[in-house]
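Visitor: please work out how this folds:
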Amino acid sequence: GVQTCALPILVRVQPNTGKLSLLSIPRDSRVSIRGRGDSKINAAYAYGYMNPQALYTNDASQHEAGLALVAETVEDFLMLRSRGYRVDYMLEINFSGFAKLVDAFGGVEVDVPAYIVDAAYPTADYGVMRVEFQPGVQRMTGDQALIYARTRHPDNDFGRIKRQQQVAQALVNAMQQAQPAQWWYVIQNAPQLFGGSVRTTMPLLSPVLTTALLGTMVRMDVAQIATSQISPTTITRYTADGTDLLWDSNGLQNVVDTWLVQAGVLSDATQYSVQDDVVAQVRQAISETQRTVINTLRAQFGWEADEGVARIQVFNGSQIPGLARRDRKSTRLNSSHEWISRMPSSA
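Guide: A predicted model of the protein is given here:
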């Protein structure tokens with residue numbers, strides 16, 4: 001999962017199927033934060049940032065501690081660990097970085113459901129300005145998409161959550177449709193584009209993770225991205241204490257159940273066997289995502305060969321392991337994927 005700090009969204013990704021499910025958490029939700037006590041969830045990052053050594057280790061940086069405490073707090077709030085799940089990775093992106101990311105992929109296409117006007121949208125210099133969006137499909141720049149996702153005066157925080165999810169889906173769609181040259185530009189200029197704006201705990205230099213992310217992007221159907229949110233619509237029993245929101249624990253768990261099922265996984269991961277969940281699924285995900293990425297690149301560049309369309313297994317009866325691989329007398333058939341190995345007469 002990936003958890004953002006200012007706009008809390010939990011993401012579940014299934015690399016072997018391309019399924020993606022979003023769960024938005026209202027920033028006014030009251031949670032228990034280790035070392036601080038009960039507070040709004042958006043206070044977790046700041047508290048971790050200010051107390052890295054007290055909460056973690058002497059060499060923990062402020063950003064690492066802030067991200068780690070958000071992950072820990074979300075796990076406790078949603079009771080994920082008792083289900084066998086963890087927040088594996090964290091992604092922090094500030095407003096400037098978000099706008100640059102949208103612009104790097106040529107903007108996003110958003111279908112605004114109704115006329116929106118906000119006469120008191122906050123500006124960077126602590127003032128306000130008037131913004132409005134006409135209904136209908138429109139192309140938005142990074143700054144426009146950010147304003148659309150952040151505004152909440154026309155309705156409330158839950159309306160804003162829907163707009164955030166809508167923009168997130170639009171960004172995924174833009175990234176999927178980007179040409180290889182566009183991706184290359186973003187990768188080559190990432191330090192200049194996003195330096196200081198984006199931080200993550202994901203090991204992006206890991207070949208396995210990179211392959212899984214690319215494979216997920218290739219397989220993903222934007223129309224099938226599942227979106228859920230914690231709100232009075234999904235949890236009817238809640239308490240408003242001032243500006244804090246306290247959610248019924250049973251209702252909260254029902255929302256988490258729905259979110260996990262939408263992502264295509266069991267609501268309780270402890271029901272998986274170690275073989276099924278850790279070994280078989282990981283091997284299948286890596287194999288399938290590598291093949292999908294290769295085939296997509298070949299299609300982009302006009303290569304005709306298709307990786308993985310045939311699978312051949314060679315047996316021998318000599319009881320000498322590896323004999324077929326060592327035999328050099330081979331005859332190639334018409335297909336580039338088919339080979340015959342001449343075996344000894346004892347085979």
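
Visitor: Asn173 belongs to a helix?
Guide: Yes. Asn173 forms part of a helix when assessed by DSSP: H, G, I helix; E, B strand; the rest coil.

Visitor: burial count for it?
Guide: If you count neighbours by other Cβ atoms under 10 Å, Asn173 ends up with 19. Backbone N, C-alpha and C define where each C-beta goes, glycine included.

Visitor: give me the below-cutoff pLDDT ranges for the protein.
Guide: Scanning the chain for pLDDT under 70 picks out 1-7, 271-347.

Visitor: mind running it again at 80?
Guide: Scanning the chain for pLDDT under 80 picks out 1-7, 14-19, 154, 156, 187, 190-198, 203-224, 263-347.

Visitor: isn't Ser32 right up against Asp38?
Guide: Yes. Ser32 lies in contact with Asp38 (Cβ atoms under 8 Å); the separation is 5.7 Å.

Visitor: mutual contacts of these two, please.
Guide: Both Ser32 and Asp38 lack any common contact, where contact means Cβ atoms under 8 Å, 6 or more residues apart in numbering.

Visitor: tell me how far Ile33 lies from Leu91.
Guide: 20 Å (Cβ to Cβ, to the nearest Å).

Visitor: have a look at these two and say which one is more surrounded.
Guide: Ile33 (24 against 17).

Visitor: phi, psi for that one please.
Guide: phi -110, psi 120 (degrees, to the nearest 10).

Visitor: what's across from it in the sheet?
Guide: Legend: beta-bridge partners of Ile33 under DSSP bridges are Gly37.

Visitor: report the contact partners of it.
Guide: 39, 43-44, 47, 69, 73.

Visitor: repeat for Val110
Guide: 137-138, 140, 145, 148, 166-167, 170.

Visitor: can you give me the strands in the stretch 51-200 of the chain?
Guide: According to DSSP state E, counting those that start in this stretch, the stretch 51-200 of the chain carries its strands in the segments 89-93, 108-112, 116-122, 128-133, 136-140, 198-200.

Visitor: closest one to Asp244 among those strands?
Guide: In terms of Cβ to Cβ, the element of these nearest to Asp244 is strand 116-122, at 21.4 Å.

Visitor: contacts for the closest one next, please.
Guide: In contact with strand 116-122 (Cβ under 8 Å, 6+ apart) are residues 128-133, 147-148, 150-154.

Visitor: quick check, nearest of those to Trp247?
Guide: Taking Cβ to Cβ as the measure, Trp247 sits nearest to Arg152 out of these, at 19.3 Å.

Visitor: and the gap between the nearest residue to Ala269 once chain neighbours are set aside and Asp268?
Guide: Nearest in space to Ala269, with sequence neighbours left out and distances taken as Cβ to Cβ, 6 or more residues apart in numbering, is Gly84 at 3.1 Å. The gap separating Gly84 from Asp268 is 6 Å, by Cβ to Cβ.

Visitor: what are the bridge partners for the closest residue in space to Ile161 that isn't next to it in sequence, then?
Guide: Using Cβ to Cβ, 6+ apart and skipping the chain neighbours, the partner closest in space to Ile161 is Ser24 (4.4 Å). Beta-bridge partners recorded for Ser24 (DSSP bridges): Ile9, Gln229.
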